[in-house]
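[1] Predicted model follows, preceded by the sequence.
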Amino acid sequence: MEHTALRPRPLPGRGPRAGGGPAHHPHAATRRRRRLRTLLLGACAGTLLVLSGVGIGAVGATVLGGAGETAPQPRVAAAPVRDSGARATLGVEAVDYGSPGALVVGVHTPGPGYRAGLARGDVLLQFGGARVDTAADLARAVARARPGSEVLLTVRHSGGGFQQLTVVPGVVT
């Protein structure tokens, strides 16, 4: 007869199985499924964010002034053009909107757009005398603007109201 008091019995799921194989872990499969599900959902969410335009890319860099104009400007040899090197920036990030206009998705806090009163969700309809149909139109209009000069901006706020703001484009450094 064995003395069971001297040899404690293993906890359920911790000791060897009846067949002599490894210990049975009943919740291991659930944990694996949960980890796999979390990993797949994270990958899908990341892909969705990238495809939906969270990484704004060239359009945002152009509006911010990180890239030059989209089309090269011809130079006339008879009248040399003096380029001071200063490019204008509005300090906003914008994407194409379904109808005419450029949707503001980001406003840089210490910047010209913030000082003028632009907010995330605003739709820019006109910049100076140029109508804004897409984010590329806004980028071209900002690139043509002179830094330090006042420009009239027509905005439709997210609440539906229209407003004309005066903005002074800054200098890209």
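    That came through fine.

[2] Buried ones in stretch 108-115, by neighbour count?
    The neighbour-count check on stretch 108-115 (16 or more other CB atoms under 10 Å) flags 108, 111, 112, 113, 114 as buried. Placement of C-beta: from N, CA and C, glycine included.

[3] Throw the residues you listed into TSV and include secondary structure, thanks.
    Compiled in TSV, these are given as follows (DSSP: H, G, I helix; E, B strand; the rest coil):
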residue	secondary structure
108	coil
111	coil
112	helix
113	helix
114	helix
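
[4] Out of those residues, the closest to residue 136 would be?
    residue 113 (17.5 Å; CB to CB).

[5] Relative to residue 126, how far out is that closest one?
    For residue 113, the distance to residue 126 (CB to CB, to the nearest Å) stands at 15 Å.

[6] how about the nearest residue to residue 154, chain neighbours excluded?
    If the residues on either side of it in the chain are set aside, residue 154 comes closest to residue 126, at 3.8 Å by CB to CB, 6 or more residues apart in numbering.

[7] can you count the residues close to the residue nearest to residue 123 when sequence neighbours are not counted?
    Distances taken as CB to CB, 6+ apart place residue 101 nearest to residue 123, at 4.0 Å, with adjacent residues excluded. Residue 101 has 24 neighbours, counted by other CB atoms under 10 Å.

[8] residues contacting residue 101?
    Residue 101 makes contact with 123, 124, 125, 132, 133, 156, according to CB atoms under 8 Å, 6 or more residues apart in numbering.

[9] Mind doing that once more with 6 Å?
    Contact analysis of residue 101 by CB atoms under 6 Å, 6 or more residues apart in numbering lists 123, 124, 125, 132.

[10] before we move on, what about residue 125?
    By CB under 6 Å, 6+ apart, the contact list for residue 125 reads 101, 132, 154.

[11] mind checking how far the residue nearest to residue 123 is from residue 113?
    15 Å.

[12] swap in residue 142?
    Distance of residue 142 to residue 113, given as CB to CB: 10 Å.
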